[in-house]
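Using only what follows, build the 3D model:
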Amino acid sequence: MSSFDNSVEEFLENLTQDPSQTEKKEYDAPLYKKWFRSKTQSGFLSIRPWFVGMKFNIDIGKTSADGKLESSTSCFVDAVDFAAYLKSVVNGTASINYPANERTGTTTPEGFVSYGGAIINNQPVSRILKIQYWTSNDAFDTTAFIWKSGHFKARKSDSGAFIPDMKSPISVDSIKVSRQEMVGISYLLDLCLQSHVTNNVDWYDV
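Numbering: from 1, shown residues only. Model (predicted):
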């Protein structure tokens, strides 16, 4: 599995601040939950809507052999950006719309990166979600993707962006998601957003 790549600070300086500044929120029920188990590890992927900030909460974690939680790393992504990315993967245009981009830290086509942050325990923490092709035997497997969430020590810029120290990870978790599973996730997110927008005429006023 590839690690988070160092990104250009100029790019990060231009990022807007993640409005989710506190961990004390009321979340909607999980929209999607995936469990995995192999000979060596087990874990989960959970996706919850957080419509107050028009975001999705992506939580990736590991569990022990007896089912106890070992680690969990949560990130927030813009709901529209994330849904648009997944739909682009589904309809076959992601390699054009989301090419490999060294500036944002994606090393394969059809990749996605979301940078955000929050003040946790009175310290700035950068939260990054990265999605790109799964790596198997040092070769990219285009039938599956690695979803990787990471928390890093950070400093807060004058613009309010959280600038991560990529050498100081706090927690990192990842999970393999097949291309077929991405199709189902995309459809669920579309249904979720359509329902929210239909029942909230001022959905864009967040």
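
Can you show me the strands along this protein?
Remark: strands of the chain, listed N- to C-terminal, are 32-37, 42-50, 55-63, 69-78, 112-120, 123-136, 139-156, 162-178; assignment by DSSP state E.

Dump the ones you listed into JSON lines; add distance to Leu193 as well.
Any C-beta I mention is one placed from the backbone N, CA and C, and that applies to glycine too. Compiled in JSON lines, the strands of the chain are given as follows (distance: least, C-beta to C-beta, whole Å):
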{"stretch": "strand 32-37", "distance to Leu193": "13"}
{"stretch": "strand 42-50", "distance to Leu193": "8"}
{"stretch": "strand 55-63", "distance to Leu193": "9"}
{"stretch": "strand 69-78", "distance to Leu193": "12"}
{"stretch": "strand 112-120", "distance to Leu193": "16"}
{"stretch": "strand 123-136", "distance to Leu193": "18"}
{"stretch": "strand 139-156", "distance to Leu193": "19"}
{"stretch": "strand 162-178", "distance to Leu193": "19"}
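
closest one to Ile96 among the ones you listed?
Evaluated with C-beta to C-beta, the strands of the chain place strand 112-120 nearest to Ile96, the distance being 13.9 Å.

Bridge partners for the residue positioned nearest the centre of the chain, pull those for me.
Geometric centre of the chain, nearest residue: Leu129, 3.3 Å, by C-alpha atoms, centre = their mean. Counting by DSSP bridges, Leu129 is bridged to Ser114, Ser149.

my guess is Ile128 meets Phe112, correct?
No. Using C-beta atoms under 8 Å, Ile128 and Phe112 do not qualify as a contacting pair, with a distance of 11.1 Å.

neighbour-wise, which of the two wins?
Neighbours around Ile128 and Phe112, counted as other C-beta atoms under 10 Å, are more numerous at Ile128. The numbers are 26 against 22.

how much space between the more buried one and Glu70?
20 Å (C-beta to C-beta, to the nearest Å).
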